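Asker: Got a predicted structure here, sequence first:
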Amino acid sequence: MNFPVEANPESHALYLELCGRASAIEDDLRRVRLGTGLCWIVGWVIGPFLTAILVDRLLPLPDLVRAAVTLACAATLLYGVARHLFLSAFQKLSTETCAAIIEGGIPELRTSLITGIQIYEDLESERPRFDRQMVEATLRHAAQLARRFDFRSVVETAELRHRAAVAGLVLLASLIYAATDFPGLLSQLRRFFTAFGRVQEEWVTGPRRSISVKVLPDGKTTLLRGSSVTLEATLVGFRSSSVTLQVRSEKGKEEDMDLPTESDGTARHTWPGLEESFEASFRAGEVASETVAIKVVERPEVVNIQLENIYPTYVRRPPLRLPRSSGEITTLKGSYVVLTIEANKNLRAGNLEILQGSPMPLTVGGRFARVVIPVERTTEYRIHLTDEDGFENENPQVRIIQMVIDQDPQVRFVNLGIEPEGEAIWNEGVASGKSLDVESRDDYGIRKLILHYDIEAVVKDVAIEPVRDKEKVRSFSLPLQSWTGSIARVSELGLRIGARLTFWAEVQDWYDLGEDGKPHSARTPVFRLVVVGQEESWEDLGYKPDENINFSLYEEMQRTSRGGRQKPPRESITREERPEMPSIQLDVSYGHEDVPVEYQRAWKAYTGSLME
């Protein structure tokens, strides 16, 4: 019953206190009742049953007595569970009932606790039975008196302690018996539990004649092809000189065989080298045995392996699917190989034996098994299968998943005409139409080509803004195993006459599985070239080349640049009027023994072009 706290807050609080303390003993009472009930069951069920077992061991009892004891103990168990456990667990006590129990255990309370709880409703009633001030005073008095006592002390535990002592002795005796002669205890229990059936057979149905059948050597009825099996028939309750063995093969062929019985009433027949399943039963007169079905099966074997190779994400390739395979593959590190194994029969379990590693369980369903193998190293494995009958495949072969490492990419300049780490001189016309072509390749795809270059002046009088660590990048959205083409044109790099270009190319692949997450890369050697005017030599620029200059290429450039063009007016690099030809001086004479032959040829080609 709920009352608004705002009406009488102090009285309401006292009422809740009394109700809460009174109801708190309900759980204690329930636990005591349940404990007492369990101890009652142990004392009145296990105790008498254990006593009967001990008496039967010393003085064997008739089956009728064993059956009566078993039924009596079973009935007592059902009564104890219903009366002492079920009712105790679900019985609910009202607040007034709990208060009455408390007042019965604490006489000093008299009736103040129940009175305070029951008359509280007058404070909210339109027609109160008692004076309001008297009710509030009664509540205060009951609360003050109740605080002096521990209500849980009224819970009676004497019966529980008594029954617990008895139950403890019974359990201790049972444990001692089980520890000293556990097989004997099991045998005695079996005698009591089967006594009712023997009494029924002896007193109601009479002796029963039957033929029992045993499968030798181990009782298994599912055998591998080529195995041997023996069926043994035992006559129970009667004797006969022979029995008839009735066999029906898997193909429907029927056969009857007469077998002589031995003195103990047994007869047997052996089938060596089984090739097909069959059913068999024994008959002697009107008595027939149950039919025994012998199932002949093959070992589980792998008939096909579906292989799916899932490449690492950076490769950006669709998975490779092989509907039929040997289970072997060569694949990239970081891949996942998914094997779907098809067997010749339904499977119960399976595992992958990893040589030099831990086995991996197979996920089995019907005739199929599946496993995912992470490729972190070359893996040798065997497939072990277990069918529904518990047979395993024989001599599984070793299969290999060969791991390969992502190789570094390759890159080189093509049609460049400059020796690696060397230097060439190109005239302005040739350089403006020249492109820097590269050939690159990678086993799993090129991601990026980068041209690194520097530009600097080769003579002091030429005003050229130096360029350091400049890059031109060509990226690919999808992996390409090879690519050949122009990474940049020379004219795009901002070269001027009198400038030297130092450059090299770098290639990167898509690899991202390293500890630093960086791709594999490779680079070309460094190349250098100097740009001069159409009709100028390097001496005009005041630049002395080194021994690595490709002179023959320069001569070829000069001849190519002269063909089909008009001669431009002669201008210096500073755009000032140049003096006449005689002002161009070079301390070189034809055939001078101190001047290299390459210099003489280059000078001859240059001066010859001016005379045309």
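Answerer: Here it is on my side, so go on. Residues are numbered from 1 along each chain as shown.
Asker: Gly105: what's it in contact with?
Answerer: With contact taken as C-beta atoms under 8 Å, 6 or more residues apart in numbering, Gly105 is in contact with Ser153, Val154, Glu156. C-beta: built from backbone N, CA, C; applies to glycine.
Asker: Considering those residues, which possesses the most neighbours?
Answerer: Ranked by neighbour count (other C-beta atoms under 10 Å), the contacts of Gly105 have Val154 at the top, with 18 neighbours.
Asker: could you measure that residue against Leu145, distance?
Answerer: Note on Val154: its distance to Leu145, by C-beta to C-beta, to the nearest Å, is 15 Å.
Asker: just Val364 next, same as before
Answerer: Counting by C-beta to C-beta, the separation of Val364 from Leu145 is 73 Å.
Asker: Among these two, which residue is more densely surrounded?
Answerer: Neighbours were counted for Val364 and for Leu145 using other C-beta under 10 Å; Val364 has more, 19 against 16.
Asker: Give the other helices and strands that the host helix or strand of the more buried one contacts.
Answerer: According to DSSP states H and E, Val364 maps onto strand 363-365. Helices and strands touching strand 363-365, by 3 or more C-beta pairs under 8 Å, 6 or more residues apart in numbering; DSSP states H and E, are strand 347-354, strand 368-374.
Asker: okay, these in JSON lines with mean pLDDT next?
Answerer: Formatted as JSON lines, these follow (pLDDT from 0 to 100):
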{"stretch": "strand 347-354", "mean pLDDT": "93"}
{"stretch": "strand 368-374", "mean pLDDT": "95"}
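Asker: Rebuild those strands as a markdown table, extending it with mean neighbour count and distance to Glu255.
Answerer: Shown next, in a markdown table, are the helices and strands packed on strand 363-365 (neighbours: other C-beta atoms under 10 Å; distance: least, C-beta to C-beta, whole Å):
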| stretch | mean neighbour count | distance to Glu255 |
| --- | --- | --- |
| strand 347-354 | 18 | 33 |
| strand 368-374 | 17 | 39 |
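Asker: Could you save those strands as a markdown table and add columns showing distance to Tyr511?
Answerer: Formatted as a markdown table, the helices and strands packed on strand 363-365 follow (distance: least, C-beta to C-beta, whole Å):
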| stretch | distance to Tyr511 |
| --- | --- |
| strand 347-354 | 26 |
| strand 368-374 | 17 |
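Asker: Relative to Leu307, which of those is closest?
Answerer: Minimum separation from Leu307 across those (C-beta to C-beta) falls at strand 368-374, 10.2 Å.
Asker: For the spatially most central residue of the chain, give its distance to Val135.
Answerer: In the chain, the centroid-proximal residue (C-alpha atoms, centre = their mean) is Val372; its distance is 9.3 Å. According to C-beta to C-beta, Val372 and Val135 sit 78 Å apart.
Asker: Where does the prediction get shaky in the stretch 501-612 of the chain?
Answerer: Scanning the stretch 501-612 of the chain for pLDDT under 70 picks out 534-612.
Asker: same thing but 90
Answerer: The model of the stretch 501-612 of the chain has pLDDT under 90 over residues 501, 510-518, 529-612.
Asker: now do the stretch 1-150 of the chain
Answerer: Applying pLDDT under 90 to the stretch 1-150 of the chain flags the ranges 1-38, 40-50, 52-70, 76-77, 79-150.
Asker: wouldn't Leu339 be in contact with Gln306 here?
Answerer: Yes. Using C-beta atoms under 8 Å, Leu339 is in contact with Gln306, at 7.4 Å.
Asker: which of those two has more neighbours?
Answerer: Taking other C-beta under 10 Å, Leu339 and Gln306 do not tie; Leu339 has more neighbours (23 against 17).
Asker: who touches Ser335 in this structure?
Answerer: Ser335 touches Asn309, Ile310, Tyr311, Pro312, Val375, counting by C-beta under 8 Å, 6+ apart.
Asker: thinking the fourth one is in contact with Leu513, fair?
Answerer: What that stands for is Pro312. Yes. Assessed by C-beta under 8 Å, Pro312 is found in contact with Leu513 at 6.2 Å.
Asker: Those two: which is more packed in?
Answerer: Higher neighbour count among Pro312 and Leu513: Pro312, with 20 against 13, using other C-beta under 10 Å.
Asker: any idea how far that one is from Ala522?
Answerer: Counting by C-beta to C-beta, the separation of Pro312 from Ala522 is 20 Å.
Asker: Over to Met134?
Answerer: For Met134, the distance to Ala522 - C-beta to C-beta - is 104 Å.
Asker: of these two, who's got more company?
Answerer: Between Met134 and Ala522, counted using other C-beta under 10 Å, Ala522 has the larger neighbour count: 17 against 12.
Asker: Sheet partners, orientation included, of the helix or strand containing that one?
Answerer: In the assignment (DSSP H and E), Ala522 maps to strand 521-523. Pairing partners of strand 521-523, with direction, according to DSSP bridges: strand 499-509 (antiparallel).
Asker: buried ones in the partner strand?
Answerer: In terms of neighbour count (16 or more other C-beta atoms under 10 Å), strand 499-509 has its buried residues at Ala499, Arg500, Leu501, Thr502, Phe503, Trp504, Ala505, Glu506, Val507, Gln508, Asp509.
Asker: Let me know the closest of the residues you listed to Arg412.
Answerer: Nearest to Arg412 out of these is Ala505 (C-beta to C-beta; 8.0 Å).
Asker: ok, now how distant is the residue nearest to that closest one when sequence neighbours are not counted from Ile455?
Answerer: If the residues on either side of it in the chain are set aside, Ala505 comes closest to Thr524, at 4.7 Å by C-beta to C-beta, 6 or more residues apart in numbering. Separation of Thr524 from Ile455 (C-beta to C-beta) stands at 18 Å.
Asker: Then Leu231?
Answerer: Noted for Leu231: a distance of 99 Å to Ile455, by C-beta to C-beta.
Asker: So which bits of the top helix by length along the chain are buried?
Answerer: Assignment by DSSP state H gives helix 158-180 as the longest helix of the chain. Of the residues in helix 158-180, those buried by neighbour count under the rule 16+ other C-beta under 10 Å are Leu160, Arg163, Ala164, Ala167, Val170, Ser174, Tyr177.
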